[in-house]
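J.: Quick one: sequence and predicted model below, then my questions.
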Amino acid sequence: MYQFTRMHESTKATRYRSTALVAVVEIIYTYGASEIDALIPLARSMASFTLALLSAVLLLCSAVQAQLSSSFYSRTCPSLPNIVRSTMAQVVNKEPRMAASILRLFFHDCFVNGCDASILLDDTATFTGEKNAFPNINSARGYEVIDAIKSNVEAACPQTVSCADILALAARDGVSLVGGPNWKVSLGRRDATTASQSDANSNLPGPSSSLSQLVASFAAKGLSARDMTALSGAHTIGRAQCANFRSHIYDDADIDPCFAAARRRECPSAGGDGNLAPFDLRTPDRFDNSYYQNLVAKRGLLHSDQELFNNGTQDKLVRRYSVNGKAFAKDFAAAMMRMGAISPLTGASGEIRLNCRVVNK
Ligand code: HEM
Ligand SMILES: [Ca+2]
Ligand SMILES: [Ca+2]
């Protein structure tokens, strides 16, 4: 199909070219060589067309240059991957949940105006950032881990590596340190000088989302339903607060009654909003495919989790991931690379923040 379209188009192009040639010959024939002056405007417009074409090609080249690349810091900060990995290894060794918290920080960064470290900016008297938006307040955690990595990176390679890239690397390392897949992290993102609390409130999907709302919120970021289902497998690690799953365990029908009863014991119908439950009871700190096995058993913790397996379009994929950990790992890694490429700032846009919490002076 692709081949056919290309051939068809090139035939069309040849036809257009020969038609133009015939037109020029016809003009000379009809008006004579003395009227060749009439051709000058045509020649001029052809020249300016060629110029425009050339500059378009140049523009395209510079856009390609501004693309992310896994070797972006290989000369300017060769120790970067080791610094991030060793700091994450220490942190996760002490507190395995931190792998989950950093992964979520990266998701909450990328979904709000791209992977630009906007989520890391602190509020000030004159600036409202994303940390106090509903999905993040009293919930997003791990900021001090990014600070620690950043200060280690600054010591080795001053003013070189963006906070956005550090977050992308740390999220990957966290996942792989707790048994998840590994992937190549593309680098070269720069840090935002702004943040948007209202975009954080509107762009991040909430725990009571329906399947169609989940699909739509990922589609708005250029990600497919399949990406959405694979990325949700991140809920194979980490914890959620009672307030976020209360209505699911008390009000929903698509839930295993034993699971609901057990969850209710730690999440009363009133009070205890901040009580934590692991997303995955079986392997709470291991990045495996048991999230999908839970969904098939109607043991999703959030309403939005169970939406992926509730007689809808994602049932088949959930079943596949539940029996095929390799397929999940592969799709998760690929989807993480796509999520990590959401509207990065590159080239001369943004800055390399010196402190991830504040815009440079
Ligand atoms: C599909 C839509 C999603 C919804 C509705 C959602 C919602 C939530 C909620 C409500 C929590 C619990 C927060 C709390 O109680 O403090 C949570 C935690 C978490 N989310 Fe998601 N999430 C989604 C997708 C994702 C994606 C795409 C990722 C990463 C790729 C992710 C990674 C995590 C992790 C790792 C945690 C646990 C964090 C921790 O323990 O600190 N989530 N999510
Ligand atoms: Ca962002
Ligand atoms: Ca697990």
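T.: Perfect, thanks for sending it. Numbers count the residues shown, from 1 in each chain. Ligands and ions are numbered 1, 2, ... in the order given.

J.: Tell me where the stretch 101-250 of the chain has strands.
T.: 239-241 (DSSP state E, counting those that start in this stretch).

J.: near ligand 3, which residues of it?
T.: residue 236 (Cβ under 5 Å from the ion). Where C-beta positions appear, they are placed from N, C-alpha and C, glycine not excepted.

J.: Do a quick rundown of the helices in the stretch 101-250 of the chain.
T.: 143-156, 163-177, 197-203, 211-219, 225-232, 242-251 (DSSP state H, counting those that start in this stretch).

J.: And for the shortest one, what's in contact with it?
T.: Among residues not part of helix 197-203, those counted as contacts by Cβ atoms under 8 Å, 6 or more residues apart in numbering are 108, 111-113, 119, 128-130, 132-136, 217, 220-221.

J.: from those, which would you call buried?
T.: Those of the contacts of helix 197-203 that meet the buried threshold are 108, 111, 112, 113, 119, 129, 130, 133, 135, 136, 217, 221, by 16 or more other Cβ atoms under 10 Å.

J.: Make sure residue 264 is indeed in a helix.
T.: Yes. Looking at residue 264 with DSSP: H, G, I helix; E, B strand; the rest coil, it is inside a helix.

J.: Which one of the buried ones among the contacts of helix 197-203 is nearest to ligand 3?
T.: residue 108 (20.4 Å; Cβ to the ion).

J.: what number of residues lie near residue 345?
T.: Residues lying near residue 345 (other Cβ atoms under 10 Å) number 23.

J.: In this structure it contacts residue 189, no?
T.: Yes. Between residue 345 and residue 189 there is a contact under Cβ atoms under 8 Å: 6.4 Å.

J.: returning to what we had before: most tightly surrounded among the helices of the stretch 101-250 of the chain?
T.: Most buried of these, by mean neighbour count (mean count of other Cβ atoms under 10 Å): helix 163-177, with a mean of 27.

J.: what is the rounded mean pLDDT of that one?
T.: Mean pLDDT, computed over helix 163-177, is 99.

J.: what helices or strands is that helix leaning on?
T.: Judged by 3 or more Cβ pairs under 8 Å, 6 or more residues apart in numbering; DSSP states H and E, helix 163-177 is in contact with helix 80-94, helix 97-110, helix 143-156, helix 325-339.

J.: Quick check: residues of the stretch 51-200 of the chain near ligand 1?
T.: 97, 100, 101, 103, 104, 107, 139, 141 (Cβ under 6 Å from any ligand atom).

J.: Counting neighbours, which of those comes out on top?
T.: Busiest of those [other Cβ under 10 Å] is residue 100, holding 27 neighbours.

J.: what sits against that one?
T.: 174, 234, 237, 238, 239, 285.

J.: Go through the residues you listed and give me the one with the most neighbours.
T.: residue 174 (31 neighbours).

J.: Contact partners for it?
T.: Per Cβ under 8 Å, 6+ apart, neighbours of residue 174: 88, 92, 98, 99, 100, 102, 103.

J.: Can you say which of these are buried?
T.: For the contacts of residue 174, buried by 16+ other Cβ under 10 Å: 88, 92, 98, 99, 100, 102, 103.

J.: Contacts only, for the spatially closest residue to residue 119 that is not a sequence neighbour.
T.: Nearest non-adjacent residue to residue 119, counting by Cβ to Cβ, 6 or more residues apart in numbering: residue 109, 4.3 Å away. Counting by Cβ under 8 Å, 6+ apart, residue 109 makes contact with 115, 116, 117, 118, 119, 120, 164, 167.

J.: can you tell me if stretch 302-315 touches ligand 3.
T.: No. Contact of stretch 302-315 with ligand 3 (Cβ under 5 Å from the ion) is absent, the minimum separation being 12.8 Å.
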